[in-house]
Each structure stands twice: as C-alpha cells, then as structure tokens.
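Novice: Build me a structure from this.
(chains A, B and C)
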Amino acid sequence: MPSPSLVWFRDDLRLADNPALRAAVDRDEPIIGVYLLDEESPGIRPLGGAARWWLHHSLAELGERLREKGSALVLRRGAAADVLPALVQEAGAGAVYWNRRYGGAERGVDAGLKETLRADGIEVSSFAASVLFEPWTVRTGAGTPYGVFTPFWNACRQLPPPREPLPEPRELRRPGRHPASDALDDWGLVPTAPDWAAGLRERWQPGEVAARARLDEFLREDAADYDRARDEPAGGATSLLSPRLRWGELSPHAIWHAAVSSDAPVGGFLSELGWREFAWHILFHFPELATKNLRSAFDAFPWPRLHPTRLRAWQRGETGYPLVDAGMRELWRSGYMHNRVRMVTASFLVKNLLIDWRRGEEWFWDTLVDADAASNPFNWQWVAGSGADAAPYFRIFNPELQAKKFDPDRRYIREWAPDAVDDDAREPIVDLAETRKAALAAYEVVKRA
DNA sequence: TGAAATGTTGGGGCG
DNA sequence: ACGCCCCAACATTTC
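Specialist: Numbers count the residues shown, from 1 in each chain, chains lettered A, B, ... in the order given. The predicted structure follows:
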C-alpha cells in the first residue's frame, strides 16, 4: 500500500533546486504536489492584484510540468491549518515536505502544522531554499541580529558558501489516485472585468522555464556592464529577476552559482542578492516590518492628514514630474518599476508629498509582481529613513535632477509617459523646494524624539 | 543608492 | 609685474 509524499509548494514554484521535492523523490513513494491559496490564516497578508496574476500563470506552468513528469499539482483553498491535514488524510500521505518561510505569520502556521502532522504520525521535514543564509544563522559577535548592511553581508561571506543547486528531477512517481483539485480558473486570480493585465502579459512570461532563460540571457548579455548600466532606467541592463525570486521560480542558490561561474564581474549584482538576504534577516527579527517603524523614533513623525488627491495623483502618475509619472505608469501598466525610479518615486511620496510610507508600501504591494513580505516594506522604510541602515532622512531625491542624471535623453520618460516629455505642458502638483523644506522641518520632530 | 548651501582655489581679465 | 576682482570648478558642510 503506497503512502504518497506531499510536496507543499509555497514561494518556491520550481522543480529545479527544490530541496522539498528532492526529499520526496528520495523517499521513493508517489509524489503529489500541493498549492494552497490561503487567505484565511490569521496574519497572512492577502496577495496584491499583480501578484495574483503572476501566481495564476506560474501555477499553471508548474502544474503542467509536474504532470509531464508523472506527478500532479493539487490546488486547494483555505486556512492551511485545516486544509493540509485534511488533504494528508484524504491522500493517505505518509510524509509532507516543504521549504521554509520566514515571515512571522507564516512561521506560526508552519510550526503549528509540523506539530499536528507529526502528532498524527506523519513524517514532516522542512528545508532551506528561499534564502542563501537563514536569518538565525547570521549573528553579530554579540549574538544580536545585524542592523547595518555591510557588516551583515561581510558576515554572510564568512559563512560556508551557498550550496550547489540541486538538479531538476527527471521523473516523479505517479500517485495511484489524485485527490481532487480546485480548477485554477475558479480561483479568479486573473482580472476579467476589467482586464487590466494586458501590460503584464506583454512584459512577462511567468514560470520556471522563462526564468532560467532570463538568468542565462542576463549573465551572457547584461552582467558585464551591470554596475554602470543598472542605474539607467531606459537601459534594460537590470536582471529582471526579482519576480522570479519572489515566486521562487529561481532559487537564490541557482542565481548565485550561475553568477559566480560566469565570466562577468558580478560583485555588484551579488550584493543586490545580499540586500534581499538582509531584508529577510530584518523581517525575521522584526515581523511587523510592514506596519511599524523599525526605528521607533519615527513614531513621532508628524505626518499631516492624508491628502487623498495627492496620493491618487502619485498612484496614477499625474504628479507633473516626468520621471515620477513615468515610473508610476510603468508600475501600473507592467507590474514593475526600475530600481532607481522606485527610489525616486518613493522619496517623492514620503518627502515631497509628506505621505506616510505605509501608503506607498501598500500601493507597491498591490501593483508589483515582485513585492515580497520582506523587500517591499524593507525598502520603503529604507527610503523613509525609519528602516535598517536607512538613507538619512535628509537624503531627498530631486526628480528633475535624477532625470537629468540617469535619463538624460529622456528615453525612459518617453517610453512610459510620452505626454510628460514636453516640459511646458506640465503642472506640478507641489513645489519641490517648498515641500523639501517642509519635510526637513517635520524631521526635526523625530530628531528631538 | 542626494541636494543645496557654503567654502576654497586658481586662472584670467583688467587697471 | 602686480594686486584685485570675478567666477567657474571643485571640495566640504549642512540639511
């Protein structure tokens, strides 16, 4: 009598370098893949709209590839603490494997499940797969978590290097009978009325296969000049791997090893992976990262009453500042924004519009295909000055200067906000010098706190 | 992974 | 030849 192994896919929608899947293969019983759409467990943050679109397509491909290899992907919806044990029983599974998560609520759910399943005599194992250095393994000399990037990353580099990625399994043992699966289309992850996803379809092809292709292309064509060209939003020199990491279509280990074994100078690129690691390190030690100031002195920041018209103008890319508007429209249309422009638009929201960073974080959460629970709030707090190793508050980007420096020929602005190219036609919603001064005055309150 | 204000320096025009 | 001034270019400080 076979006792199948369940592989619970979460933020690791891949077959290659997937230690949970590997453990199931090694156990040598039939394998059933599972994905749970959990919008009910307490504290789990509902996915944003762009994320749901990506998830749909990535799951579609994962399911197809599992079937090609002989296995299956079972989709279920509901609180994991209820749905997973029921599924284990229904399938007569003897083992459950997953790759670890590091958010506060997720850790609670997973720890609870480990306990209840084991109490039922089910073998449960979890694995490190989504970060290179698990948060608790990196400690200062004093045993505390790191608060500054450079020493954090130096300490990581002193640890044993990330393991070699595991090869994709050739074949998976077919289960005799599959538990029933929800139909992916019934989950309603893809927008229909209205269908606003045209720009996403045009720009992205979710899934592990396209992810690997982009990694290879990046290392072959763009990595050589990455350190210089990554700052130019029109250049197309960035890796575009962030959504692949968000959904685990690529593991950081696979990226790491592909990068270090390429001929290109990859130090700068690897340190971007380092910032991602640092964000997860911080989130692990400060689970309220998305809602609370990491530096509590910022609790005293005198945010003015929310100005909804200004927030809306920022969201829609109608601020009258071309680089800001181009960035916000790139985001809205394609689910993505170039990193430098993220800094500029975020600085503009927080320091020129004096709108709480949480409002910006929520908008990015809803519109980015790559927003994850760590990087998104981490980076917003970095810009706002309230975060870990944050930009000093008084570091205020001037969107006009930034455009001159990094988009001198206006290629980026022309691409995303062609109507903003002509300077004369625009009416800025706020004055840069004036609002800058107001922001600095507000910051004085934090300094005194 | 800033920008603006302020300070310093040095070449050149000019009396 | 010299001092003076201007000002661009660069450096430093401040926010």
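Novice: For the host helix or strand of A:L87, list the C-alpha coordinates in CSV.
Specialist: Assigned by DSSP states H and E, A:L87 belongs to helix A:80-91. Taking Å, rounded to 0.1, in the frame of the first residue of the first chain, the C-alpha atoms of helix A:80-91 are listed here in CSV:
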residue,chain,number,x,y,z
ALA,A,80,-3.5,25.8,5.8
ALA,A,81,-4.0,24.5,9.4
ASP,A,82,-7.3,23.0,8.3
VAL,A,83,-6.8,22.2,4.6
LEU,A,84,-3.4,20.5,4.7
PRO,A,85,-4.1,17.9,7.4
ALA,A,86,-7.4,17.0,5.7
LEU,A,87,-5.6,16.6,2.4
VAL,A,88,-2.9,14.4,4.0
GLN,A,89,-5.6,12.1,5.3
GLU,A,90,-7.5,12.1,2.1
ALA,A,91,-4.4,11.2,0.1
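Novice: buried set for it?
Specialist: Neighbour counts using 16 or more other Cβ atoms under 10 Å place A:A80, A:A81, A:V83, A:L84, A:P85, A:L87, A:V88, A:A91 of helix A:80-91 among the buried residues. Placement of C-beta: from N, CA and C, glycine included.
Novice: what's the most distant pair in the residues you listed?
Specialist: The span of these, defined through Cβ to Cβ, is set by A:A81 and A:A91 at 17.2 Å.
Novice: so the very next helix or strand once past the helix holding A:L87 versus helix A:80-91, what angle?
Specialist: Heading C-terminal from helix A:80-91, the first helix or strand you meet, by DSSP H and E, is strand A:95-99. Angle, strand A:95-99 to helix A:80-91, by axes from the mean of the first three to the mean of the last three Cα atoms, to 10 degrees: 140 degrees.
Novice: List the buried residues in whatever helix or strand comes next after strand A:95-99.
Specialist: Per DSSP H and E, the first helix or strand lying C-terminal to strand A:95-99 is helix A:104-119. Across helix A:104-119, burial judged by 16+ other Cβ under 10 Å covers A:G104, A:A105, A:E106, A:G108, A:V109, A:D110, A:L113, A:K114, A:L117.
Novice: Just put those in JSON lines and tack on pLDDT.
Specialist: Formatted as JSON lines, the buried residues of helix A:104-119 follow (pLDDT from 0 to 100):
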{"residue": "A:G104", "pLDDT": "98"}
{"residue": "A:A105", "pLDDT": "98"}
{"residue": "A:E106", "pLDDT": "98"}
{"residue": "A:G108", "pLDDT": "98"}
{"residue": "A:V109", "pLDDT": "98"}
{"residue": "A:D110", "pLDDT": "98"}
{"residue": "A:L113", "pLDDT": "98"}
{"residue": "A:K114", "pLDDT": "98"}
{"residue": "A:L117", "pLDDT": "98"}
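Novice: Need those in a markdown table (columns: distance to DNA strand C).
Specialist: What follows is the buried residues of helix A:104-119, written out as a markdown table (distance: Cβ to the nearest atom of the strand, whole Å):
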| residue | distance to DNA strand C |
| --- | --- |
| A:G104 | 35 |
| A:A105 | 38 |
| A:E106 | 39 |
| A:G108 | 41 |
| A:V109 | 44 |
| A:D110 | 43 |
| A:L113 | 49 |
| A:K114 | 49 |
| A:L117 | 54 |
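Novice: Which two of these have the greatest separation?
Specialist: Maximum pairwise distance among the buried residues of helix A:104-119 (Cβ to Cβ): 20.8 Å, between A:G104 and A:L117.
Novice: any idea where the strands of chain A begin and end?
Specialist: For chain A, strands defined by DSSP state E occupy the ranges A:5-9, A:31-37, A:73-77, A:95-99, A:123-127.
Novice: nearest to DNA strand C, of those?
Specialist: Smallest distance to DNA strand C across these (Cβ to the nearest atom of the strand): 42.6 Å, for strand A:95-99.
Novice: Buried residues in that closest one, which are they?
Specialist: Within strand A:95-99, the residues that count as buried by 16+ other Cβ under 10 Å are A:A95, A:V96, A:Y97, A:W98, A:N99.
Novice: Can you tell me which of those residues is closest to A:R201?
Specialist: A:N99 (28.4 Å).
Novice: Do I have it right that that closest one meets A:S130?
Specialist: Yes. Counting by Cβ atoms under 8 Å, A:N99 does reach A:S130; the two are 6.0 Å apart.
Novice: how many neighbours does A:A449 have?
Specialist: 11 (other Cβ atoms under 10 Å).
Novice: Check A:D12 too.
Specialist: 26.
Novice: mind listing what it touches?
Specialist: By Cβ atoms under 8 Å, 6 or more residues apart in numbering, A:D12 lies in contact with A:N18, A:A20, A:N99, A:A129, A:S130, A:G248, A:S251.
Novice: Contact partners for the third one?
Specialist: In this structure, A:N99 makes contact with A:R10, A:D11, A:D12, A:N18, A:P19, A:A20, A:S126, A:F127, A:A128, A:A129, A:S130, A:G248, judged by Cβ under 8 Å, 6+ apart.
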